[in-house]
Structure formats: C-alpha cells, structure tokens
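# Here you go, sequence then predicted model.
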Amino acid sequence: MFGSDAAAAAELDRLAADCAAFAHGLPDLATIAAPALAAVMAELGSLKHRTRRMRAFAELRAAEDSRDLAAADLSSLIEQRLPEIDDALRSFTLAWLALPDELAATLAGAAELDRDRHFLTSCRRFAPHTLTVGEESALAARGSGAELAWRRFWFDVSSALTLVCDLGDGEREQTISDLRAGLTDARPAVRATAHAGLSQQSSHMAETAARCLDAVVGDRLATDRLRGYDDPMLPTHLDNQLEPRSIEAMLSTIERRSDVWQRWMRIKAAQLGEETLAACDRHAPIGEPPEIDYGQAVQAVTDSFAELSPQAERTVAAVFAECRVDAAPRPGKMGGAFCSEVDDRVGCFVLLNHTGRLFDAQVMAHELGHALNFDRCFPLQSVHVATPTTAVCEVPSTLAELMLCDGLHRRSTGSAERAALIGSAIETAIGSVFDVAVAAEFEREIYALKATGVTLTGDRLDEIWSRRRTAGLGDSVTGDSNSSDWAVFPHFLMYRFYMYSYAFACLVALALMARRRADPDGFATPYLEFLDRGGAASPAELLEPLGIDLHDPGLWDEGLAELDRMMDEAEWELQRERG
C-alpha cells in the first residue's frame, strides 16, 4: 500500500486536504442533476478508498509488532487526523439526509446511480435520528474521545493482569488469553487451574470494568436521547439493516431452545464419566483433537473451499500464494486473528497466530471465509456498498469453519478424531449462539438498569451475568461459573450489541449447511453470487436467493435443528469409540 511510513504520512496530509476540499466544494444536492451526483459519488468513493487504505496500513503495521515505536507513532498520527477526514466525508451524508424523501428517491432511482443506489436509499434510515451539521460535528469531535479514554483505561488495566500458575508447561506468568485457552485443554487439571485463575482475574477486573461501563453506557444513553432512539439496540439494528423483530425472534428462540445447550453439556459430562458437568469442564474437548501444522492447515482449508467450487479454491489459494497471510506467532505480534479488507486494487490481508491446534485451523478457515468474500465483492461493487453489514459479514466466515470441520470429519477414519472434529464445530457454534445470546441479554439489561439512574457496579453486573447464564444452562452444569466473566470481554465497551451478530451469522450458516447437504451441486452458484454482491442490498435481499427468509421465525429453529443433528453425530462417534 505504501513504501514507507513517511510515504503514508505524506498521503495522510494529501488525503486530509482533498477531503476538506471535497466538503468545501460540495454542490447543493437540492438542485443537482443525476449525472453530477454520480460524479460526486465517484469522488467520494475515491476518498473512501484512500481512507480505507490508510486505516488498513496503520492497523497492519501496529499488529505486526506492538513494540515498533515507528508503527505506534504512525498509528497515533493517523488516529489524530482521521476524525477531521471522517468529518469532511460525513458532509455528503448529512447533506443527502437533509433532502426531502421524494427528491432523494428520484435522484437515487436514476440509471447513473445504479451502483450506489442501495447506499443512497439505505442510509436514509438514519435520517430521523440525524442532528444538524454543527451538532453532528460536535458529537463526532467529543464522542470518540470520551469513549476512547475509557477503552484505553480498560485495556491498560486488563492487559497488565497476569497470574503465575501451571497450565501444563510449568509455573509461569499467564495472561487472560492464556487462561482462556487453558479452559479447552484435554487435561482436567489444566482446565481446573485455568478456570480458577480466570475467575480470580475476572473478579479483580470487575469494579474497573463496571466503572468503565457505567460511564460509557450513560454517555451513549444521553446521546440516544438527543437522537430520539427509544431502544438502545436500535442503532445496531440500523447499522446491520435488520428488522428488530427478526432479532427479537432469534433471541427468543435461543432462550426457548436452551435444551440444546444443556444437551451438549450432558454429552460432555457423559464422556467424562460424570452425572453433571463441572463448570471448569464447560469447554472440555471431546474425542482426540488432531494436531494440524501450518502446511496441513493451509491444505485442509484450501481443500474445503475446493469442495465448494474451483473458483473459491483459486481465490483462497491466491491469498496464500501472494504472501498475504502472516501466521507465525512471535513476540510483539498482535494476538488473535483478523482479515483486513482494503479495496478493489489491494487484496485483503490475513493475520493469524497458528500453533498447530485444530482450533487454529478453524480460525484460518474463518478468516479465509472473509477473504473469499472480500476478494470477490470488492472488484465488482461500488466502495459505498462493497462491505456487507457486520451480521452478514460473519456468515461466510462462520460457514467456512463449518465446511472445514465437515470435510475433515468425512475424511477422517478414527472415531476419537472424528468425534473431536465434529465436537469442535459444535463447541464453536454453542459459543456463538448461546453464550452470545447471554451477552446480548446481559447488555440489554445493563442499559435498562442505567436508564433508571442506577450506578453500574461489579456486584450488580455479576448478578445479571450469573442469572442470565444459569437460566440457559439450567442444572446441566454445577460449581462456580465465574460470575464476573463479563468483565474481561472488551465488546461491551468497544461496540454496542455487537455480539448478537455472531448468533445471527452462526444460525444462518447452520441453516446453509443443511441446504448444502440437501443439494450440494446446486448450492455453489447462488452462494458465490451472494458473496459477489457484498453489501449491495439489504441482508434479507442478499440471503433470499439462498432460501433464507429473515422474516420467518422458524429460520432460527432450523439452524438449531442442524446443531442438534451435529450432536447426534458426535454422540454416535463417541459410542463407536467406546465400542
């Protein structure tokens, strides 16, 4: 993207100047003709491309080595300048939303605006909640800074939390990420130690996290009042372009079908020879998970996309062949994984931390699912509609994980390994659906509590989290369930109601797996067309050709039925292993 940090900094200056000129020279949209509006959209698109490249470069530089001072300085510089760039680009949206509905509809309907039509029509859903230009600029200038300070405080405190304990490789200092990974270890003693350690660290973090949430949630509610939002979930629904009733139906179905969650806990208890599962064993693996080195994982992931279609295989293989994957763990490198989309000229980049576990191969498939989506849709769509909404964006990545485990399961011959492969897919789905639903309801309850003027304290948040999770698990799990677990999740501070997107995507992906199994030959073409469209239509319109009806409450039961079927397979494999 840029040959050096200096080149990126120079482009930042040019970008800021060009964005300011765009805002200053923006014509009166009330009198503009469609061809002139198309030219404005093209200029705005070019500026958005350049802004996205700038963000991606800074993100990748920082992720590569957190100890690199030059990368930190560049990120800080870009972070300081981006608000003015975003404010300038926002000038078009504010001017567009100020137009009367009839005029906006006429302009958006013109043939010249065909590629940008969905952006122009869909963004008007925010019109009733948009303030004046001056008010929007003031909120943008102070809003990000206010939340950023609390986020930084949370990250500074949480990242410093370590505990000396033995997770199977001797006494040493363990981070929260280390402890969470220990929960999935095959050794009971390691899981018990990790669970106790994570409970201790979560408890230490609870009051700090509560203080941060109290400030951020209170501030968001105040802004909601200014914008006229009567439901704290509504801004997220609008961002996702999803009907509130669809999400309510999904969350209600998940709550009603908690028996699926409890069934998985009982399957695990039976495997461990226990009547009831201990809380520390909630994430215990079943069967014997295979070790998968990096080369094997690349081959397995590529093969799983080949089973979808030769086109998909070529796209994914190119990401590896063009060295757009950084997979080796090393000191200073950011943990976790992500896929950074850039634009139609620069392909996406994938960051992984591969250690040879089955889970790492699933993460690789997940991120390459994003890569397949982005590398297909970005060259075809306008920048204004290229990226799907968050909820839809997670569908291809989740489906890629399920396809990988399904393919490995079919090709494996050992019952213990086959049980582990299907079990790992189930475990990911259980977390994405049921744990996420607990988080969504927890978040909804803390907004409601704060709206009454009550202070959010660690004890109060512990009670809500524990009550919500216990309601889902019932009597299938016993023992200390870590009531402060909420305190070590950054999602509640970083975004509002972000996590329900995972449940949405997982249940849709599970329903798609059932459709693919029923018609393997007919699945690929409409699915690849779905990927090609990016965010060029609403989620309902994008998914409808795949047979997914977001207005049908039965959709969520269909996804859970597929999860139930996978559990049948896992139980059969475990029984076969026992002889």
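Structure's in. What do you need?
# from here on, contacts and neighbour counts on C-alpha atoms
Noted.
# lowest average confidence, helix or strand, in this structure?
Lowest by mean pLDDT, DSSP states H and E among the helices and strands of the chain is helix 133-159, with a mean of 80.
# mean confidence score for stretch 227-242?
Stretch 227-242 comes out with an average pLDDT of 96.
# hmm, who's touching that stretch?
With contacts defined as CA atoms under 8 Å, 6 or more residues apart in numbering, stretch 227-242 is touched by 122, 125-126, 128-131, 221, 224, 243-244, 389-392, 444, 447, 496-498, 538-540.
# ends of that stretch, how far apart?
19 Å (CA to CA, to the nearest Å).
# Stretch 374-385 now?
12 Å.
# quick one: contacts of it?
Here stretch 374-385 has contacts from 45, 48-49, 115-116, 118-119, 315, 341, 343-345, 347-348, 386-387, 531-537, using CA under 8 Å, 6+ apart.
# Can you tell me which of those residues are buried?
Buried members of those, counted by 16 or more other CA atoms under 10 Å: 45, 48-49, 115-116, 118-119, 315, 341, 343-344, 347-348, 386-387, 531-537.
# contacting residues for residue 343?
49, 52-53, 378-379, 383.
# Relative to residue 141, which of the residues you listed is nearest.
residue 52 (19.8 Å; CA to CA).
# Measure how buried that closest one is and give me the count.
When neighbours are counted by other CA atoms under 10 Å, residue 52 registers 17.
# One more: residue 297?
By other CA under 10 Å, 22 other residues sit near residue 297.
# per-residue pLDDT, it?
Reading off the model, residue 297 has pLDDT 97.
# re earlier: select from the contacts of stretch 374-385 every entry located in helices.
Among the contacts of stretch 374-385, the members falling in helices are 45, 48-49, 118-119, 315, 531-532 (criterion: DSSP state H).
# Turn the residues you listed into a markdown table, including distance to residue 431 and pLDDT.
Formatted as a markdown table, the ones in helices among the contacts of stretch 374-385 follow (distance: CA to CA, whole Å; pLDDT from 0 to 100):
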| residue | distance to residue 431 | pLDDT |
| --- | --- | --- |
| 45 | 37 | 95 |
| 48 | 35 | 95 |
| 49 | 35 | 92 |
| 118 | 33 | 97 |
| 119 | 33 | 97 |
| 315 | 29 | 96 |
| 531 | 25 | 98 |
| 532 | 29 | 97 |
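# Out of those, the closest to residue 169 would be?
residue 315 (39.3 Å).
# which non-adjacent residue is nearest the closest one?
Among residues not flanking residue 315 along the chain, residue 372 sits closest, at 6.3 Å (CA to CA, 6 or more residues apart in numbering).
# Same question for residue 137.
residue 87 (6.7 Å).
# what about the residue nearest to residue 315, neighbour count?
Quick note: residue 372 (other CA under 10 Å) scores 26 neighbours.
# Could you pull up the residues touching it?
312, 315-316, 531.
# Farthest pair within these?
Comparing all pairs in the contacts of residue 372 by CA to CA, the longest separation belongs to 316 and 531, at 13.5 Å.
# Residue 254: neighbouring residues, count only.
Residue 254: 24 surrounding residues under other CA under 10 Å.
# Can you tell me how far it is from residue 472?
Going from residue 254 to residue 472 by CA to CA gives 9 Å.
# Which residues are in contact with each of those two?
By CA under 8 Å, 6+ apart, the residues touching both residue 254 and residue 472 are residue 434.
# hang on, residue 438 packs against residue 469?
Yes: if you go by CA atoms under 8 Å, residue 438 and residue 469 touch, sitting 6.0 Å apart.
# Which stretches in the stretch 151-300 of the chain count as helices?
176-182, 188-227, 234-240, 244-256, 258-271, 294-308 (DSSP state H, counting those that start in this stretch).
# Just give me the lowest mean pLDDT stretch among these.
Among the helices of the stretch 151-300 of the chain, helix 176-182 carries the lowest mean pLDDT (a mean of 87).
# Can you name the residues in contact with that one?
161-162, 167, 190-191, 194-195, 197-198, 201, 488.
# Mind putting those into a markdown table with distance to residue 429?
Below are the contacts of helix 176-182 laid out as a markdown table (distance: CA to CA, whole Å):
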| residue | distance to residue 429 |
| --- | --- |
| 161 | 29 |
| 162 | 29 |
| 167 | 25 |
| 190 | 23 |
| 191 | 20 |
| 194 | 22 |
| 195 | 21 |
| 197 | 25 |
| 198 | 22 |
| 201 | 26 |
| 488 | 21 |
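# Save the residues you listed as JSON lines, and put in neighbour count and distance to residue 412 too.
Below are these laid out as JSON lines (neighbours: other CA atoms under 10 Å; distance: CA to CA, whole Å):
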{"residue": "161", "neighbour count": "16", "distance to residue 412": "40"}
{"residue": "162", "neighbour count": "18", "distance to residue 412": "39"}
{"residue": "167", "neighbour count": "23", "distance to residue 412": "29"}
{"residue": "190", "neighbour count": "21", "distance to residue 412": "28"}
{"residue": "191", "neighbour count": "26", "distance to residue 412": "27"}
{"residue": "194", "neighbour count": "26", "distance to residue 412": "31"}
{"residue": "195", "neighbour count": "23", "distance to residue 412": "31"}
{"residue": "197", "neighbour count": "22", "distance to residue 412": "35"}
{"residue": "198", "neighbour count": "26", "distance to residue 412": "34"}
{"residue": "201", "neighbour count": "23", "distance to residue 412": "39"}
{"residue": "488", "neighbour count": "22", "distance to residue 412": "37"}
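# could you measure residue 568 against residue 495, distance?
36 Å.
# More neighbours: the two, which one.
For the pair residue 568 and residue 495, the greater number of neighbours falls to residue 568 (13 against 10), based on other CA under 10 Å.
# about what we covered before: need the helices of the stretch 151-300 of the chain in JSON lines with distance to residue 29, can you?
Shown next, in JSON lines, are these (distance: least, CA to CA, whole Å):
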{"stretch": "helix 176-182", "distance to residue 29": "50"}
{"stretch": "helix 188-227", "distance to residue 29": "23"}
{"stretch": "helix 234-240", "distance to residue 29": "24"}
{"stretch": "helix 244-256", "distance to residue 29": "32"}
{"stretch": "helix 258-271", "distance to residue 29": "52"}
{"stretch": "helix 294-308", "distance to residue 29": "45"}
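# what about the stretch 401-550 of the chain, any weak spots by pLDDT?
In the prediction, the stretch 401-550 of the chain carries no residues with pLDDT under 70.
# residues in contact with residue 424?
Listed by CA under 8 Å, 6+ apart, the contact partners of residue 424 are 285-286, 359, 405.
# go on, residue 73?
Under the criterion of CA under 8 Å, 6+ apart, residue 73 has no neighbours.
# where does it fall, helix, sheet strand or coil?
Secondary structure state of residue 73, per DSSP: H, G, I helix; E, B strand; the rest coil, is helix.
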